[in-house]
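Participant: Structure for the following, please:
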Amino acid sequence: MQTSYRELLRAFDKQKSYVLACIVSTRGASYQKAGAMMLITEQGRCYGLLSGGCLEADIALHAKHVFSTAEPKLLHYDLKGEEAVLWGLGAGCEGEVELVLQLINPANAFLYFDRVLAALSGGGQGCYKLSLCTNKAEYVEAQQAECEDTIAQNTHKELLDQRQDKTQNNTLCIPVEAAPLVVIVGAGPDVDALITMIEQLAWRVRVCDHREAQLQRFSSKFETVCSTALCEHSLSGASAIVIMSHNLARDQQALALALASSLNYIGLLGPEQRKQKLLKALGLTNKAQDKRLHGPIGLDLGGRGPEAIALSICAELQLFFSSSQKEKALAYLC
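Facilitator: Numbering: from 1, shown residues only. Down below sits the predicted model:
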C-alpha cells in the first residue's frame, strides 16, 4: 500500500464517522496508485493524500453527499482533458484517476478499516476487499508466505496492462502489507537523526543496544531490544538492518548474524577500510563479499554530520524498498 498509515492511524477515532476515499485505478501519470487511501471527516478535513493537493478539496465536497446518503460514490478525474481546466483543477498531470468513496462509522463497523490499520502498524498482512457498489467490505488475514505468493502472482505490469470492467468486477482487492521494519544496531547520539527521518517515511523501527539507558529515549515510541549480543529473534520480521554501534566487536557480531540471515539489505556504517577489517575477521574475502552488504552505507550525496548521513542512508533504503515493491501487486478489481 502506498498510503502513509501513520497519519491515518493518528486521525482515526472509533467514536467518529468518516468517508474513506480509495483509488480504484489510474491511467497515465498520477501522484498515487490504486489502493491508496484517504480519510475525510464530516468537517471536510482530509488525512492522507490521493494527489499532490489538486483533487482533495473536490473529493471532500463529494464526501458530503456520501455522509448524507450513506451510499458509496464513484468518481472519475480526467486530468489530461480540457474538463480539468474547466472545473478549476488545472493539474496538468496528463492522467486519469478513479476513486470510490465509502462511509465508515461505528454502525457499519468501519467496514473493517480499523483492522487494516492494525495490520499495517502491527506487522500483519492480508487483503482488504472493498465493494464499489454497496457499503460492504471484509479484511482477510493471511500468513506471510501466502500473502507474498498472492502478491507475487499479480505483478505491477500485468495489472497496469489489464483494463478492468466494473460491470463484472465490483470489488477492489487491496493487498495489505506492513511498512518495512528497519533494525538499527546501536543507540548512539547519531541514531536520533536517522530515526526521525525513518519515522517521517512511516517505516517501522527496532533499536538494539546493550545499554538500557541509551534505549530509554526510544522505548516510548519504538520497539527496543537490550542485549549484549544480537540474536536471531532481533531480526525477526526485519526488512533491513543498519549496523552503527561504533564498536568493532559488536558490529562484527551483528554483521555475522545478518550475513547468515535471509535479509536482502545489510547496511554497515563506517569507511571502506573498517568494512574490510570486519570482513577479514569473518573470513570473507573481497571477491566473496555478499552483494546484500552496503558499506559504506548510504548513497553518496555529500555532506557531513548526523542529518546528512541519515539522509544518505534513508535515500538508499528508499531505493531498495522501492525496487523490492515494483513487482508486487497494486490493488486490483476482482
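
Participant: Helices of the stretch 101-250 of the chain, start to end?
Facilitator: Assigned by DSSP state H, counting those that start in this stretch, the helices in the stretch 101-250 of the chain fall at 113-122, 144-153, 156-161, 191-200, 212-219, 248-260.

Participant: for the first one, packing partners?
Facilitator: Using 3 or more Cβ pairs under 8 Å, 6 or more residues apart in numbering; DSSP states H and E as the contact definition, the elements that helix 113-122 packs against are helix 5-11, strand 125-131, strand 137-141, strand 171-177. All C-beta spots, glycine's among them, are computed from the backbone N, C-alpha and C.

Participant: Just put these in JSON lines and tack on mean neighbour count and distance to residue 59.
Facilitator: Shown next, in JSON lines, are these (neighbours: other Cβ atoms under 10 Å; distance: least, Cβ to Cβ, whole Å):
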{"stretch": "helix 5-11", "mean neighbour count": "17", "distance to residue 59": "15"}
{"stretch": "strand 125-131", "mean neighbour count": "21", "distance to residue 59": "16"}
{"stretch": "strand 137-141", "mean neighbour count": "17", "distance to residue 59": "19"}
{"stretch": "strand 171-177", "mean neighbour count": "21", "distance to residue 59": "16"}
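
Participant: Compare those and report which one is nearest to residue 212.
Facilitator: Closest to residue 212 of those, according to Cβ to Cβ: helix 5-11, at 26.6 Å.

Participant: who's in contact with that closest one?
Facilitator: Applying Cβ atoms under 8 Å, 6 or more residues apart in numbering, the external contacts of helix 5-11 come out as 37, 39, 41, 47-48, 117, 120-121, 179, 199, 202.

Participant: hmm, back to that, mean pLDDT lowest for which of the helices of the stretch 101-250 of the chain?
Facilitator: Sorting the helices of the stretch 101-250 of the chain by mean pLDDT places helix 156-161 lowest, at a mean of 39.

Participant: coming back round to it: as JSON lines, the helices of the stretch 101-250 of the chain with mean neighbour count and distance to residue 18 would be great.
Facilitator: As requested, these are arranged in JSON lines below (neighbours: other Cβ under 10 Å; distance: least, Cβ to Cβ, whole Å):
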{"stretch": "helix 113-122", "mean neighbour count": "19", "distance to residue 18": "8"}
{"stretch": "helix 144-153", "mean neighbour count": "14", "distance to residue 18": "26"}
{"stretch": "helix 156-161", "mean neighbour count": "13", "distance to residue 18": "27"}
{"stretch": "helix 191-200", "mean neighbour count": "18", "distance to residue 18": "24"}
{"stretch": "helix 212-219", "mean neighbour count": "14", "distance to residue 18": "31"}
{"stretch": "helix 248-260", "mean neighbour count": "19", "distance to residue 18": "41"}
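
Participant: mind giving me TSV with those helices and columns for distance to residue 107?
Facilitator: Compiled in TSV, those are given as follows (distance: least, Cβ to Cβ, whole Å):
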stretch	distance to residue 107
helix 113-122	13
helix 144-153	30
helix 156-161	33
helix 191-200	34
helix 212-219	38
helix 248-260	49
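
Participant: Go through the protein and flag its longest helix.
Facilitator: helix 306-325 (DSSP state H).

Participant: For that helix, buried residues please.
Facilitator: With burial defined by 16 or more other Cβ atoms under 10 Å, the residues of helix 306-325 counted as buried are 309-314, 316-317, 320-321, 325.

Participant: Show me what whatever helix or strand comes next after it is packed against.
Facilitator: Beyond helix 306-325 in the direction of the C-terminus, DSSP states H and E gives the next helix or strand as strand 332-333. Contact here means 3+ Cβ pairs under 8 Å, 6+ apart; on that basis strand 332-333 packs against strand 171-177.

Participant: quick one: residue 195 from residue 310, how far?
Facilitator: Distance of residue 195 to residue 310, computed by Cβ to Cβ, to the nearest Å: 8 Å.
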